[in-house]
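Novice: okay, structure incoming, though there's no sequence with it:
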């Protein structure tokens, strides 16, 4: 046996007093297990079951009936618990009776009036539908409303709707309800229908006697009229009755005219207040729109507008039409305001997207997104042109966003945090001193500033287009209204137009840079628009390299946005021409730098006999090649400029010109006169002065012969080391034709070496050879009549001393030059001795011995520097002398030769081969 339930207990009622038909809420315990369990409900002794609505075991809602008792308990009866009790009571108020002539302000309970039908017709309390028509607990399902609308098109789950769908209602509110509960719900519906029918029938039964009385009265009147006849005879009962009724009507109208007028006025006032209360949202909307626009709460305005449009967009009520028209006027003003803000520049990408979304939600005419794209395109073009005009005019003012020095925002390159230029760990703009603006050429500043404009604006411009293409500019409202699909369709139609915009921007960028750096590549008609830099100073390779770096960074930043390569090809073409121009300008300016190297010659030689000039030349060339590292570097998508045939030929030709310029520089140094160096010594004095060959110090002014030797030593160093080193450097940096450059350079330096060597030999050999003949015949010497030889005569010793002086002069500069120079000096002396010996017609015995002694002494002294030509000359000279036949003559010759070598031993030491290194200076 199941345990019986406790009887119902009412512990509260709200409100606690009221007139008949007041809606009350009853609360308590054990008020039933469901609508079917509730079988009785009385308040103040009146049965209220007809209006009872069971909500839960602790709550019931009903209306109080016209009970006889003024105050009474609330008794609930259930099947499960039986008759209940109450701890509270309800006080029934009697309605105040109103006389026909008394004023009264009556507020009619609107719950009993249907606003959708005749406003003067009341509704029975029984006609009010409950919130839960099935009388069972709700079990909301998880099926979205949108999906239900697709499954049941044109239907509704609202049971009060004319298009009510029971299936929709069950899926929405009872998706998880069991079948048993649904059967109980069906029984509840049947009972509610039965109660309504019984209520109507009871209403008719209660007034049945009245109906019968009215029927009897009408029948009696009908019979009386038939007995009197139907004609309207004066004085007949019908006529009298009509007159009485008319007078009664006039009297009633007179009595109730004022009351009824006040009643109509009160009804109209009440209806107006009711309308204002119920529709105050619409009437307050114009003012709210204005306030929210001033505060910038555009989302609130849009939401209110959408709500008003859905409720009153198609209204036929005149007052609603008038107010809604005012709303539309305010919204149209808002559309214009938002469009102005959208097209205003400069503007951030976030603001642009926000304004486009607002205009889309407000159903603005046209295509605001494309209007914004077009306005941004024109503004960026104007910024770029203003940048050029600003520099051309020389005025660094105005153009707000262009003023980089006064802009507190981060630079455009700093804002490209994920661009390719920053991936290398650096940025285009490095920290520079405050005077940088005054030192940097204007074209360089212009290119950097122009790049900042492009990198600062074009990425947002591109992202705006991408958002336009994929439909991300619109809100959920825009998606529902089809704006997304419309936007995608418009974007597909305008792809070519946007492509032309990007092409115009990149072409404008390229033309502006060309006008500043490569004006000759522009058509004459465009020079006035993009040129105007003709008076500017020619840029060096370093500045051109910086410009290349800037343009590359700009290109990489745009490539990082995934802009198609064909739209950026013009920038690649510009980069190629800038790289070629930088290469050629660097080579040309290096040629000028090399020409000025002669001014840096200090004539201080090192252990190898060279000055610092070849090293400075090599250093200059290496620095030039290092400065070309970035221009010659091959970035993705770029080509090797040195693989272009024309560039190869020009680069090789200019490189050869640099080499020849340095060789000409050496030649100019060799031709300078002694007066150019403040020399104070003559050749004849220097040859015999031991101080002449002291160590060469800084500040030393060499003689012309010393300059020749130093330059000869430098030429040898160039040929053996410098040119070979430079060939390696050229190859490492990708230069082609290094063999040609080296061959032409070596040929040129060899030609200079030959000329300078011949000039030096002529200056040193001719005086020595020329002093032989006067020395031989000094004192009227005669080969045919001379005394027995007593030794080598002084002229030969002086000649050897002069050769030794030349040796010392050459050795002081470069030991490597000694054999080459002395061989030619000895060759010249041998030629002269040969000539002099062959010119003698005859020799006496002593004359022949003297001549042989001097030839042999000279030959033995310079044996180390004899070459085939000098050997042949000495042989011819000896062959022209008579032969020695006696042993005494030969012995005398040997003794005299030994005596000569002994007396000249110290002087002749320099002619001997030695491993001694030159002294460091």
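Specialist: Good, I have the coordinates. A quick note: this is a predicted structure, and the numbers were derived from the prediction, not measured.

Novice: what are the buried residues along the helix or strand hosting residue 818?
Specialist: Element membership for residue 818, per DSSP states H and E: helix 817-839. Residues 817-818, 821-834, 836-837 are the ones in helix 817-839 that count as buried (16 or more other C-beta atoms under 10 Å). Yep, even glycine has a C-beta here, placed from its N, CA and C like the rest.

Novice: equivalent analysis for stretch 334-352, please.
Specialist: Per 16+ other C-beta under 10 Å, stretch 334-352 contains these buried residues: 334-335, 338-339, 341-343, 345, 347, 352.

Novice: could I get those residues as CSV with secondary structure?
Specialist: CSV is the format used below for the buried residues of stretch 334-352 (DSSP: H, G, I helix; E, B strand; the rest coil):
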residue, secondary structure
334, helix
335, helix
338, helix
339, helix
341, helix
342, helix
343, helix
345, coil
347, coil
352, helix
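
Novice: out of those, which one has the lowest pLDDT?
Specialist: pLDDT is lowest at residue 345 among the buried residues of stretch 334-352; the value there is 80.

Novice: contacting residues around that one?
Specialist: 375-376, 379 (C-beta atoms under 8 Å, 6 or more residues apart in numbering).

Novice: now with 6 Å, please.
Specialist: For residue 345, the contacting residues are residue 379, by C-beta atoms under 6 Å, 6 or more residues apart in numbering.

Novice: start at 34, not 1
Specialist: Renumbered: residue one is now 34, and that last one reads residue 378.

Novice: how much space between it and residue 500?
Specialist: Distance, residue 378 to residue 500, by C-beta to C-beta, to the nearest Å: 18 Å.

Novice: got it, and residue 922?
Specialist: Distance from residue 922 to residue 500, by C-beta to C-beta: 118 Å.

Novice: what does residue 938 give?
Specialist: Taking C-beta to C-beta, one finds residue 938 at 101 Å from residue 500.

Novice: the more surrounded of these two?
Specialist: Set residue 938 next to residue 500 and count neighbours by other C-beta atoms under 10 Å: residue 500 wins out with 19 against 9.

Novice: what helix or strand is the more buried one located in?
Specialist: helix 475-503.

Novice: now that helix: buried residues?
Specialist: Across helix 475-503, burial judged by 16+ other C-beta under 10 Å covers 475-477, 479-495, 497-498, 500-502.

Novice: now stretch 831-844: buried residues?
Specialist: 832-833, 835-840, 842-844.

Novice: surely residue 915 is within a helix?
Specialist: No. Per three-state DSSP, residue 915 lies outside any helix segment and is coil.

Novice: would you mind measuring from the nearest residue to it once chain neighbours are set aside to residue 210?
Specialist: Distances taken as C-beta to C-beta, 6 or more residues apart in numbering place residue 881 nearest to residue 915, at 4.3 Å, with adjacent residues excluded. Computed as C-beta to C-beta, the residue 881 to residue 210 distance reads 154 Å.

Novice: report how many residues lie close to the closest residue to residue 633 other than its chain neighbours.
Specialist: Spatial nearest neighbour of residue 633, excluding adjacent residues (C-beta to C-beta, 6+ apart): residue 649 at 6.1 Å. Residue 649 is flanked by 15 other residues according to other C-beta under 10 Å.

Novice: which SSE is residue 74 in?
Specialist: Going by DSSP H and E, residue 74 is in strand 71-76.

Novice: name the residues that touch that strand?
Specialist: 65, 81-82, 85, 87, 97, 107-112, 123.

Novice: make it 10 Å
Specialist: For strand 71-76, contacts defined as C-beta atoms under 10 Å, 6 or more residues apart in numbering pick out 41, 43, 46, 55, 57, 59, 64-65, 80-87, 93, 95-98, 100, 102, 105-113, 115-117, 119, 122-123, 125, 168.

Novice: right, I'll call it a day here.
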